[in-house]
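# Below are the sequence and a predicted model for it; my questions follow.
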Amino acid sequence: MTHPWWQTAVVYQIYPRSFADSDGDGIGDLAGILERIDYLSDTLGVDAVWLSPFYPSPMADFGYDVSDYCDVDPIFGTLDDFDRLLAAAHERGLRIIIDLVPNHTSDRHPWFLESRSSRDNPKRDWYVWRDPLADGSPPNNWLSAFGGAAWEFDETTGQYYLHSFLKSQPDLNWRNPAVKEAVFDVVRFWLDRGVDGFRLDVAHFIMKDPEFRDNPPAPSFGEDFKSMGEYDTQLHLYDKGHPDVHRVFRDLRSLLDSYEGDRFSVGEVHVFDLDEWAKYYGENLDGLHMPFNFTLVWAPWGAERFRHLVDAVDGAVPEGGWPNYVLGNHDERRLVGRYGPKQARVAAMLLLTLRGAPTIYYGEELGLTQVDIPRHQQQDPWALQEPAVESRDGCRTPMPWDGSPTAGFSPPGSSDPWLPVTDEHRAMSVEAQLAEDGSMLQLYRSLLRLRRSRPELQVGDYRSLDTAEGVFAYERWGEDGRVLVALNFSDEERVVASGSGEVLLSTALDRSGPINERLILRPHEGVVLAPAG
Ligand code: NOJ
């Protein structure tokens, strides 16, 4: 059975500001990524790259506030740079997935400038405008995910507009067919240029309750829950995730399918009711190719809990649908910061051996630590506006390529990078880890090689196994073979009755070869084993 590329691919997320700065302004750019492309295709060995936004933007939310969907911000380069990067990626067999931000634009986008210019402007209805209540207050109780009310009053026209995020990120009105056509034209623009797919920012937000009902108060949440401050005082029943969203994704899928080459879509869908989440695949698998699965991102460390969650996800994916796993991204604490350095190695093995497409966030392959950025150097608008929230800057720091003062992120003698590089990160550079046996980077490289060489890891079935306490073990099997993965989540030795077999890889990278009957796992050790026979 052949599989489309996006099912077997390992995706690597690049936050363009932070990956490689070619021109020395302290901010990463597309030409910088091009300079490092062999690292992606050869040194590391991933199959696809997802680029966070590089479009013209006032950078209020570092590119998630787009003012032109069909160009490149001068900070990041030009359309020619993009075309060069895409061509070089394709020459190496690397796919390029770009970020599409459909829920909102920047308030400087020409569409919004027109929309806010008068009530009878033809683009007025491209955004969500409502009258104030009789006392002048906002039309309903909806809150911005970034703090405060989701409504901003516009003095000139006497109405409120909706912004689910910053007030400089007005929400588009997806109930207006002209908006859908305009965004689909953007999709066509990039498909025609040759991109392989799209990551859809807050995909579930685009359809709201047409009656604009108030959200009810929230119940209390469990320990897996990461609080977003005031936003979590409500149950977000009406301000996002209206079922009409699925019609849009069905149409998007038809558009993608009308192009050659398995063009792909993955939605950022923060929906944790797995039945609801699974609906984003579409009723007949005709929706998004995949909704990102964030189930493990906030899960407290523990074998039983992870097993339970993975089993639940695996079971929730509709027949014929393809699972996926994410452990980090530009919005979350670094893995090492969440669980610890030893645990991050086990997590790497988990991510790259589960059934489904994995996405690696840049720098996780180095085991980068979460950086505690002093308040006066912080940039993240969300945390600056909502102090209860941890700044996302700590996971967005420059990629350390070597131990030099600029860490090889910028050319020697450049301006300071947009976020500081720490000595700790310089010591964890790509150069240092390539020279060190057993480094985190070597572990990722080995895992990626193993995954490529073993079809059962790429496309095989999955079944979790009852085993020693504190160990999460599962089998992956297909026509060509079978492997057992055993991950010791505990800080004590554990014995797994594995039967005899051959150790293919240990997270410690210090053993391989045959074992007899029992697999003895050291604290925080994960092993991939090929069972005998
Ligand atoms: C989700 C993105 O991942 C995040 O970085 C951004 O701030 C919000 N969407 C708003 O666009």
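Arrived safely. Numbering: from 1, shown residues only.

# Trp382 sits in which helix or strand?
Assessed by DSSP states H and E, Trp382 sits inside helix 381-385.

# what residues does this structure put near the ligand?
Contact residues, the chain versus the ligand (CB under 6 Å from any ligand atom): 61, 64, 101, 165, 201-202, 268, 330-331. Yep, even glycine has a C-beta here, placed from its N, CA and C like the rest.

# Give me the mean pLDDT for stretch 157-173.
Across stretch 157-173, pLDDT averages out at 98.

# can you list contacts of the lowest-mean-pLDDT helix or strand in the chain?
When each helix and strand of the chain is scored by mean pLDDT, DSSP states H and E, helix 381-385 comes last, with a mean of 91. Contacts to helix 381-385, defined as CB atoms under 8 Å, 6 or more residues apart in numbering, come from residues 60-61, 146-148, 166, 378, 389-393.

# follow-up on the earlier one: now tabulate the residues of the chain next to the ligand in TSV and tack on neighbour count and secondary structure.
Shown next, in TSV, are these (neighbours: other CB atoms under 10 Å; DSSP: H, G, I helix; E, B strand; the rest coil):
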residue	neighbour count	secondary structure
Asp61	21	coil
Tyr64	24	coil
Val101	27	coil
Phe165	25	coil
Asp201	20	coil
Val202	20	coil
Glu268	20	coil
His330	19	coil
Asp331	16	coil
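
# Could you look up the SS state of Phe306?
Following DSSP: H, G, I helix; E, B strand; the rest coil, we place Phe306 in the helix state.

# what helix or strand does the residue lying closest to it once chain neighbours are set aside sit in?
Nearest-residue entry for Phe306: Phe472, 5.2 Å, with adjacent residues in sequence omitted and distances by CB to CB, 6 or more residues apart in numbering. Phe472 belongs to strand 471-478 when assigned by DSSP H and E.

# By proximity to the ligand, which residue of the protein wins?
Closest approach between the chain and the ligand, counting by CB to the nearest ligand atom: Tyr64, at 3.3 Å.

# thought that residue was touching Gln169?
Yes: applying CB atoms under 8 Å, one finds Tyr64 in contact with Gln169, separated by 7.2 Å.

# neighbours around Met399, how many?
As a burial measure, Met399 scores 26 neighbours (other CB atoms under 10 Å).

# That one belongs to a strand?
No: using three-state DSSP, the secondary structure at Met399 is coil, not a strand.

# Now do the contacts for the closest residue to it other than its chain neighbours.
Nearest non-adjacent residue to Met399, counting by CB to CB, 6+ apart: Phe19, 5.2 Å away. Each residue near Phe19 by CB under 8 Å, 6+ apart is listed here: 28, 32-33, 36, 362, 399.

# what's the answer for Leu94, then?
Taking CB under 8 Å, 6+ apart as the contact definition, Leu94 lies against 37, 40-41, 46-49.

# Show me the helices in the stretch 101-250 of the chain, by range?
Ranges of helices within the stretch 101-250 of the chain are 110-117, 177-193, 245-257, based on DSSP state H, counting those that start in this stretch.

# I'd assumed Pro16 was in contact with Tyr362.
No: at 9.7 Å, Tyr362 does not count as touching Pro16 under the criterion of CB under 8 Å.

# any idea of the pLDDT on the residue nearest to Arg522 when sequence neighbours are not counted?
Nearest residue to Arg522, sequence neighbours excluded (CB to CB, 6+ apart): Glu493, at 5.9 Å. Glu493 carries a pLDDT value of 98.

# Could you pull up the contacting residues of Glu493?
Glu493 touches 520-523, counting by CB under 8 Å, 6+ apart.

# tally of neighbours for the residue nearest to Gly24 when sequence neighbours are not counted?
For Gly24, ignoring the flanking residues on the chain, the nearest one in space by CB to CB, 6+ apart is Ser414 at 3.5 Å. Close neighbours of Ser414, defined as other CB under 10 Å, add up to 17.

# show me the residues around Asp380 that make contact.
391-393, 396.

# Oops, could you answer that again for Arg36 instead?
Contacts of Arg36 (CB under 8 Å, 6+ apart): 19-20, 401.

# Take those and lay them out in JSON lines including pLDDT.
Output for the contacts of Arg36, formatted as JSON lines (pLDDT from 0 to 100):
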{"residue": "Phe19", "pLDDT": "99"}
{"residue": "Ala20", "pLDDT": "98"}
{"residue": "Trp401", "pLDDT": "98"}
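
# got these as CSV, with distance to Arg338 columns?
Output for these, formatted as CSV (distance: CB to CB, whole Å):
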residue, distance to Arg338
Phe19, 22
Ala20, 25
Trp401, 24
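
# Among those, which one lies nearest to Thr369?
Among the contacts of Arg36, Trp401 lies closest to Thr369 (CB to CB), at 16.7 Å.

# That closest one touches Met428, doesn't it?
No: with contact defined as CB under 8 Å, Trp401 does not count as touching Met428 (10.8 Å).

# from the contacts of Leu94, which ones fall inside helices?
Among the contacts of Leu94, DSSP state H puts Ile37 in helices.

# can the contacts of Leu94 go into CSV with extra columns for neighbour count?
Conversion of these to CSV gives the following (neighbours: other CB atoms under 10 Å):
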residue, neighbour count
Ile37, 18
Leu40, 21
Ser41, 17
Val46, 22
Asp47, 21
Ala48, 24
Val49, 24
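
# pretty sure Arg482 belongs to a strand, no?
Yes: when classified by three-state DSSP, Arg482 is found to be part of a strand.

# Tell me, how many residues neighbour it?
17.

# just Gly408 next, same as before
22.

# got a list of what it touches?
400-402, 429-431.

# who's in contact with the helix or strand containing Arg449?
Per DSSP H and E: Arg449 is located in helix 440-453. Here helix 440-453 makes contact (CB under 8 Å, 6+ apart) with 10, 43-46, 344-345, 348-349, 352-353, 360, 364-367, 428, 430, 433-434, 436, 457-458, 504-505, 507, 509, 528.

# what residue is smack in the middle of this protein?
Nearest to the mean C-alpha position of the chain, by CA atoms, centre = their mean, lies Asn329 at 4.6 Å.
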